[in-house]
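Q: Sequence unavailable; structure follows:
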């Protein structure tokens with residue numbers, strides 16, 4: 001990850017989220033995060049969308065955090081941003097799928113349907129890429145050196161990057 005450009009970091013995140021679009025998301029109001037399925041729009045890569053009920057505790061919007069773990073549990077992301085309802089009908093039509101339909105039996109006309117928009121301000125990304133020697137050390141109780149373990153990047157609005 002240290003040698004990747006911001007565009008490559010963004011592409012990696014989006015590909016991993018497309019493979020497993022489940023995140024924990026919550027507002028910075030003291031309530032617990034909840035699991036939701038992200039709807040990804042390739043035209044708005046700094047934004048996640050979620051179909052929720054108007055009565056969902058996230059519907060009030062505000063500053064929030066979303067956490068993502070890849071399907072293989074080797075990639076982690078913590079996303080900071082702002083949530084708000086965006087019931088743009090064209091966007092609802094574009095993002096609607098069978099999963100959303102399963103939760104909203106009246107379809108896009110369901111009176112409880114809301115589209116939650118989460119605009120990402122910054123992200124921290126971790127990719128676990130434990131080397132062969134690191135895996136052997138894990139099996140036998142050795143100490144893994146930082147160079148054997150993983151990589152980490154900080155990304156602002158998922159467009160600019162400062163890597164650690």
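A: Good, I have the coordinates. Everything quoted here is computed from the prediction, not taken from an experiment. Numbers count the residues shown, from 1 in each chain.
Q: so which strand or helix has the closest residue to residue 19 other than its chain neighbours?
A: Computed as Cβ to Cβ, 6 or more residues apart in numbering, the closest residue to residue 19 that is not its neighbour in sequence is residue 71, at 5.4 Å. (Each C-beta comes from the backbone N, C-alpha and C, glycine too.) Take DSSP states H and E as the rule and residue 71 turns out to sit in neither a helix nor a strand.
Q: Roughly how far does residue 71 sit from residue 22?
A: For residue 71, the distance to residue 22 equals 9 Å [Cβ to Cβ, to the nearest Å].
Q: Kindly list the longest strand within the chain.
A: The strand spanning the most residues in the chain, taking DSSP state E as the definition, is strand 113-128.
Q: quick one: buried residues of it?
A: Buried residues in strand 113-128, counting neighbours by 16 or more other Cβ atoms under 10 Å, are found at 113-120, 123, 125-127.
Q: Let me see the mean pLDDT of that strand.
A: The average pLDDT within strand 113-128 is 92.
Q: just for the protein, where's the confidence low?
A: Applying pLDDT under 70 to the chain flags residues 1-2, 129-164.
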